[in-house]
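Peer 1: Pasted the sequence and its predicted model underneath.
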Amino acid sequence: MAVKITEIEDLKKVDVSKLVEESEAEGYRFLRRLVDQYEDGSNTFNKTGEVLYGVWDHHDQLVAIGGLNRDPYSDKEGVGRLRRFYISANARRQGIGTKLLQQILKDAQGHFSELVVRTDSSAADAFYRANGFSGDLGLPEATHGIVLEREHRKKAE
């Protein structure tokens, strides 16, 4: 599936309603929180190093979304948090999630020394582990993490 990954500079100008509905039907509330927090200004992905991406298919349908924030749960410097990462069911298992994650990891270089994420999905657990994340961090607010080592940053550039 040919896709286009684009930074979302203003979520209010993007129709995310289909992804929100689909995610809620699967029992996930985090895309609804994405919209609500963006609208109330509590998380607009506008701090240094933060970014929000959308992935559109060849029909210009939004099929995936994912962002990067400074980790609000950590007092450690340099910790980023993968946020609101969702791939539409009909776009899964086609490499779209991996491409989106690689773009976010690339953007994290130079801003963060490690990234964390929280998930309770076994499919997401397998996805993050397959993409280099460690699981079972023993942290209350993060289930997976990846260290962005200095050497790794240089190779990715």
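Peer 2: Done, it's in.

Peer 1: Quick check: phi and psi at residue 145.
Peer 2: phi -150, psi 160 (degrees, to the nearest 10).

Peer 1: Isn't it up against residue 118?
Peer 2: No: taking contacts as Cβ atoms under 8 Å, residue 145 lies outside contact range of residue 118: 10.1 Å. To be clear about C-beta, it is placed using only N, CA and C from the backbone, and glycine gets the same treatment.

Peer 1: Which one of the two is surrounded by more residues?
Peer 2: residue 145 (21 against 17; other Cβ atoms under 10 Å).

Peer 1: Show me what that one is bridged to.
Peer 2: Assessed by DSSP bridges, residue 145 has beta-bridge partners residue 116, residue 134.

Peer 1: how close does it sit to residue 86?
Peer 2: Per Cβ to Cβ, to the nearest Å, residue 145 is found 20 Å from residue 86.

Peer 1: Repeat that for residue 21.
Peer 2: Distance of residue 21 to residue 86, given as Cβ to Cβ: 12 Å.

Peer 1: ok, the two, which is more surrounded?
Peer 2: Neighbour count, other Cβ under 10 Å: between residue 21 and residue 86, residue 86 has more, with 22 against 12.

Peer 1: what's near enough to touch the more buried one?
Peer 2: Contact analysis of residue 86 by Cβ atoms under 8 Å, 6 or more residues apart in numbering lists 19, 23, 28, 30-31, 64-66.

Peer 1: Likewise for residue 37?
Peer 2: Counting by Cβ under 8 Å, 6+ apart, residue 37 makes contact with residue 43.

Peer 1: Can you check the pLDDT for it?
Peer 2: pLDDT for residue 37: 95.

Peer 1: mind listing what the nearest residue to residue 108 once chain neighbours are set aside touches?
Peer 2: Leaving aside its sequence neighbours, residue 108 sits nearest to residue 80 (Cβ to Cβ, 6 or more residues apart in numbering; 5.3 Å). With contacts defined as Cβ under 8 Å, 6+ apart, residue 80 is in contact with 49, 68-71, 108, 111-112, 114-116.

Peer 1: Distance check, residue 8 against residue 19.
Peer 2: Distance, residue 8 to residue 19, by Cβ to Cβ: 12 Å.
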